[in-house]
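# Next come a sequence and a model predicted from it.
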Amino acid sequence: MNKIVKTNTTNTVLDGVVVKNAEKQRLAKERREERKRSQEANKEMQLLEREQKSKMRYEKQMEEKQHKLREQKEKGEQRRQSVEVRRKQKLEEEEEKYKAILYRTVERSNCAEQRQKRWSWGGSTTVNSENKAGN
């Protein structure tokens, strides 16, 4: 009662054994294709994750770079301001020193004039000595 059947693949099979083999092959092929799709999807997901991490890393580096540049700019500005303050202080100190020197010079010359007037009677000492020599 076994029936011999000829299939398209030129295999002869008894009572539906071909159908089972064909079904097994089809299911195996579907599993392989599904596994392949799943692997490709996983690879794609991993690639996207790597790209996202790379992008995040790049953005973080750029933020850090901008932060460092801002800090450098602020430090430079503070340094320039402190240099300017020191320069102004030094200029003021030099100006005060110059005024003090000028004041002392004027005082000394005034003092010298007072002494000279004190010792000369009625005029300068040079004029009196000439008059005495001329007499």
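Yep, that arrived.
# Quick one: low-confidence residue ranges for this structure.
1-19, 120-135 (pLDDT under 70).
# Tell me where the longest helix sits in it.
Assignment by DSSP state H gives helix 17-119 as the longest helix of the chain.
# can you give me how far it is from the chain middle?
Computed by Cα atoms, centre = their mean, to the nearest Å, the separation of helix 17-119 from the middle of its chain amounts to 2 Å.
# which strands and helices sit next to it?
The helices and strands touching helix 17-119, judged by 3 or more Cβ pairs under 8 Å, 6 or more residues apart in numbering; DSSP states H and E, number zero. Yep, even glycine has a C-beta here, placed from its N, CA and C like the rest.
# Would you mind listing the residues in contact with Lys117?
If you count contacts by Cβ atoms under 8 Å, 6 or more residues apart in numbering, Lys117 has none.
# From Asn110, how far off is it?
11 Å (Cβ to Cβ, to the nearest Å).
# now do Lys68
Relative to Asn110, Lys68 is positioned 62 Å away (Cβ to Cβ).
# Please work out how many residues are found near Ala22.
16 (other Cβ atoms under 10 Å).
# And the one 10 residues further on, by the same measure?
Arg32: 10 surrounding residues under other Cβ under 10 Å.
# ditto for Asn21
Residues lying near Asn21 (other Cβ under 10 Å) number 14.
# now do Glu59
Using other Cβ under 10 Å: Glu59 sits among 10 other residues.
# what do you get for the one 5 residues further on?
The local packing of Glu64 (other Cβ under 10 Å) involves 10 other residues.
# ok, now how distant is it from Tyr58?
Going from Glu64 to Tyr58 by Cβ to Cβ gives 11 Å.
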